[in-house]
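> Here is a sequence with its predicted model. Questions after.
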Amino acid sequence: MLLQKPPYKNLIPAASKSMLTIFALFMLLSMVMIAPDTAWSSSDAAAVAEPAGEAVENMPAPTMGPRDYRQIGSMSSRSFVWVVAQLHLFLAAFVLAVPLFVTVIEWIGVKTGDQRYDDMAHEFMKVSMTAYSLTALFGGTLAFSLFLLYPTFMGYMMEVFGNQVMVYALLFFLESGVLYIYYYSWYALRYGNKKYVHLTLGVLLNGVGTTLLFVANAWATFMMAPSGVDDAGVVTGGIWDIMRGPLWNPLNLHRFVANIAFGGAVVGAYAGYKMLSARTMAQRAHYDWMGYTANFIAVLAFLPLPFAGYWLMAEIYAYSQQMGITAMGGILAWLFIVQAVLIGTILLSANYYLWNGMSRCEGAKRYMWLIKYIAVTLVVSFLIWVTPHTLILSAKEIAALGGSHHPLLGPLGIMPAKNIAVNLMLIGTFLSFQLYRRADKVITVPWAGFGNALMVAIYLVAIANVIFLGVYFGYFTNTVYKVGSSVAQVVSTLIVIISGVVIDSMMFKGAKTLPVKWGHISNRGVYALFALPIAFTWLMALMGYVRSSVRTHWHVYTVMKDNSVDNYIPNIGHAGNMMTVATISFLLIILFIFWVASLSETKQALPAKQSAK
Amino acid sequence: MKMIKNWLLSFVIAFAVFYLMDHAMMSMQSLPLNIDMTPAQ
């Protein structure tokens, strides 16, 4: 194996040295940035200015009038910024996520000595590199359009965040520099101790990228739940008080995990595209394996995502019940039905891909009988999840129905039924995932019988617990119990996932491995790899819109009113069209990125005349 | 016999873990588990 030579001897001291050098440089830069007299926000600036006798009075949030808004021709400023911001977010999510799992894959390559991991990691980065410049272009366009179309609002945001925005710019420079070094030094730092220098660069890149994400999240969460300012919007705290609002960390976690799932799904589609266009079996096998890895990443990151979303919504309710009700009980509630359709599509696609992928290995036949039960569970749960509580009905239809709620389907429209459905879908998906992982293994540990019995017992008791908690506390007690028991339902699912990973890891020790025929998956199975990023992209557009819309007619909730012509929540049809425009535009951009990434491998044949010479 | 023991032990462990977890999650929210089929007060 190429990665094993030269042998990794005395690599820790050398690797530590290089890591220490890079870390020291990073810390030095951070210390320069966080010098004691650095003014971060206008409040800090006032404090710094005071000793010189130049007290600066912080300004309240301005009251917006028609002169504070601009338009490009007759185009709606909101619609323009909506699409540009969404495209920037899609691309940014992708380019921040890919290096996260690329570094892990690279590390696995070093640990296993299998060069294929290294090649795959490099190819994932190649796709991401093309997207990087587009991310920056859309970021620049977004910044220009915000300053052009909403100058007063942006002036206030600059007043609040002060020099912190320059930290973002600095981080962006760092991100670009480290990214280019990381990608272009791939083959220069490939073997021996130099590989550890390269891995350190990967860690540094992800550290900077994640910090960049958290800094930008602070702007979004400040607009939703402002902190560090008084009721009039006057800055009263330091930059840390402003950034550390009640929604900052829930959003940080949710976006971080969602980005990984999204990035995995997009590179999965790239692998599917390359696999379907492969001309040799070796190429087909390589991209099949790459698609499997990408799907693995997407599903693994997706499984805990609903719980991160749950935390975010719980914090939104805790911050403002009105805001929570706007999201889940008002006009935006219908979008959660669309969300159910999209998440259902993601889960069905991911499971379908795993079931098809089991055909790669003879050992999978042992578990095939379980698939029909998982499929029934997924479909029934999906139908329960998409059942709306309140239907839009005419008087005649209400009379025919005997009320506004259907007598049989009505109970399925409320949260307890949906909580049961979501948790069962996640447990079912994890079971598919676990069966897939077991398909190519023959477990040899002496306690295999007990391990299998324990795993089955955990599944059955968890399913019974999720159903019992949902039915009993959801329908036979009052609301406080209904909400309280949903936490125990979530933890039940988490116990299944965590115990499944732990028990399997212990049982796989010394297991006999059966051959896997990469490239033998059906084309229909590969199509599922395309369904995943399409559904993910739509879902991000949808839920991003919901997150932003809960501010209703406020630029900064309760502090700075939106007095533009667009200060209302648009109807669902209009919002749906806007999300669709953004989604289809992104998918076209992604096709362009895939094409450009493939172009670098295409070599023109020597013209006949020259070859004759 | 060993197989029966395995299954019994597995279900006892699973029931104990989930029952205790239900109690823990509800008490963290200052709620009793209340499985006597009466509405909470």
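Happy to help now that I have it. Numbering: from 1, shown residues only, chains lettered A, B, ... in the order given.
> Thought residue A:252 was touching residue A:214, still the case?
Yes. Residue A:214 is in contact with residue A:252 according to Cβ atoms under 8 Å; the separation is 5.2 Å. In this view, the C-beta of every residue, glycine as well, is placed from N, C-alpha and C.
> helices and strands of chain A: which one bottoms out on pLDDT?
helix A:11-33 (a mean of 47; mean pLDDT, DSSP states H and E).
> For the helix or strand encompassing residue A:173, buried residues please.
According to DSSP states H and E, residue A:173 maps onto helix A:164-184. Going by neighbour count (16 or more other Cβ atoms under 10 Å in any protein chain shown), the buried part of helix A:164-184 is A:164, A:165, A:167, A:171, A:172, A:174, A:175, A:178, A:179, A:181, A:182, A:183.
> Equivalent analysis for stretch A:102-116, please.
Those would be A:102, A:103, A:104, A:105, A:106, A:107, A:109, A:110, A:114, A:116, for stretch A:102-116 by 16+ other Cβ under 10 Å.
> Over to stretch A:273-288?
A:273, A:274, A:275, A:278, A:284, A:285, A:286, A:287, A:288.
> returning to what we had before: relative to residue B:9, which of the buried residues of stretch A:102-116 is nearest.
residue A:104 (36.2 Å; Cβ to Cβ).
> quick one: the helix or strand containing the closest one to chain centroid distance?
Residue A:104 is part of helix A:77-112, with elements assigned from DSSP H and E. Its chain's C-alpha centre and that of helix A:77-112 lie 8 Å apart, by Cα atoms, centre = their mean, to the nearest Å.
> Now do the same for it: mean pLDDT, whole number.
Mean pLDDT, computed over helix A:77-112, is 96.
> what's the angle between the helix or strand following that helix and helix A:77-112?
Next in sequence after helix A:77-112, counting helices and strands by DSSP H and E, comes helix A:115-149. For helix A:115-149 against helix A:77-112, the angle by axes from the mean of the first three to the mean of the last three Cα atoms, to 10 degrees is 160 degrees.
> Report the angle between helix A:115-149 and helix A:164-184.
150 degrees.
> How about residues contacting the helix or strand that comes right after helix A:115-149?
Later in the chain than helix A:115-149, the nearest helix or strand by DSSP H and E is helix A:151-161. Contact with helix A:151-161 is made by A:41-42, A:58-59, A:61-62, A:64, A:68, A:70, A:146-147, A:165, A:218-219, A:222, A:228-229, A:233, A:235, A:239, A:242, A:555-556, A:560, as judged by Cβ atoms under 8 Å, 6 or more residues apart in numbering or on different chains.
> let's see it at 6 Å
The contact list for helix A:151-161 (Cβ atoms under 6 Å, 6 or more residues apart in numbering or on different chains) reads A:42, A:61, A:62, A:68, A:146, A:147, A:235, A:555.
> How far away from the center of its chain is it?
The chain centroid and the centroid of helix A:151-161 are separated by 28 Å under Cα atoms, centre = their mean.
> With stretch A:140-160 instead?
Per Cα atoms, centre = their mean, the centroid offset for stretch A:140-160 relative to its chain is 26 Å.
> Mean confidence (pLDDT) on that stretch, please.
For stretch A:140-160, mean pLDDT is 96.
> Report the contact partners of residue A:246.
By Cβ under 6 Å, 6+ apart, the neighbours of residue A:246 are A:225, A:315, A:319.
> From the residues you listed, pick the one nearest residue A:412.
Looking across those and measuring by Cβ to Cβ, the closest to residue A:412 is residue A:315, at 27.6 Å.
> how close does the closest one sit to residue A:124?
Residue A:315 sits 33 Å away from residue A:124, going by Cβ to Cβ, to the nearest Å.
> quick one: which of those two has more around it?
residue A:124 (26 against 19; other Cβ atoms under 10 Å in any protein chain shown).
> Kindly report the residues of chain B close to chain A.
B:6-7, B:10-11, B:14-15, B:18, B:21-22, B:25-26, B:29, B:31, B:39-40 (Cβ under 6 Å from any Cβ of the partner chain).
> And the strands in chain A?
Counting by DSSP state E, chain A has strands at residues A:441-442, A:512-513, A:554-556, A:560-561.
> and chain B, which of those strands is closest to it?
strand A:441-442 (18.9 Å; Cβ to the nearest Cβ).
> partners of the closest one, with directions?
According to DSSP bridges, strand A:441-442 forms sheet pairs with strand A:512-513 (antiparallel).
> which residues touch the strand it pairs with?
By Cβ under 6 Å, 6+ apart, strand A:512-513 touches A:440, A:442.
> Distance from the chain centre to that strand, please.
34 Å.
> Also stretch A:304-316?
Averaging C-alpha positions (Cα atoms, centre = their mean) puts stretch A:304-316 13 Å from its chain's average.
> for residue A:590, what are its contacts?
Counted by Cβ under 6 Å, 6+ apart, residue A:590 has zero contacts.
> Also residue A:533?
Contacts of residue A:533 (Cβ under 6 Å, 6+ apart): A:265, A:266, A:269.
> Excluding covalently adjacent residues, which one is nearest to the last one?
Which is residue A:269. If the residues on either side of it in the chain are set aside, residue A:269 comes closest to residue A:533, at 4.7 Å by Cβ to Cβ, 6 or more residues apart in numbering or on different chains.
> Does residue A:233 touch residue A:559 like I think?
Yes. Assessed by Cβ atoms under 6 Å, residue A:233 is found in contact with residue A:559 at 4.2 Å.
> so what sits against both of the two?
Common neighbours of residue A:233 and residue A:559 (Cβ under 6 Å, 6+ apart) are residue A:61.
> where in the chain is pLDDT low?
Reading this off chain A. Within chain A, the stretches with pLDDT under 70 are A:1-57, A:611-613.
> meant chain B actually
Looking at chain B by pLDDT under 70, you get B:35-41.
> middle-most residue in it, spatially?
Per Cα atoms, centre = their mean, the C-alpha nearest to the average position across chain B is that of residue B:19, at 1.2 Å.
> Quickly find the element holding that residue.
Judged by DSSP H and E, residue B:19 forms part of helix B:2-28.
> And residue A:275, how far from residue A:301?
Going from residue A:275 to residue A:301 by Cβ to Cβ gives 22 Å.
> how about the residues of the stretch 301-450 of chain A near chain B?
Going by Cβ under 6 Å from any Cβ, the residues of the stretch 301-450 of chain A near chain B are A:449, A:450.
> Most proximal residue of the stretch 251-400 of chain A with respect to chain B?
For the stretch 251-400 of chain A, Cβ to the nearest Cβ, closest residue to chain B: residue A:314, 11.2 Å.
> burial count for the closest residue to that residue other than its chain neighbours?
Spatial nearest neighbour of residue A:314, chain neighbours left out: residue A:250 (8.0 Å); criterion: Cβ to Cβ, 6+ apart. Number of residues near residue A:250 (other Cβ under 10 Å) recorded here: 20.
> Distance of residue A:250 relative to chain B?
From residue A:250 across to chain B, the span is 18 Å (Cβ to the nearest Cβ, to the nearest Å).
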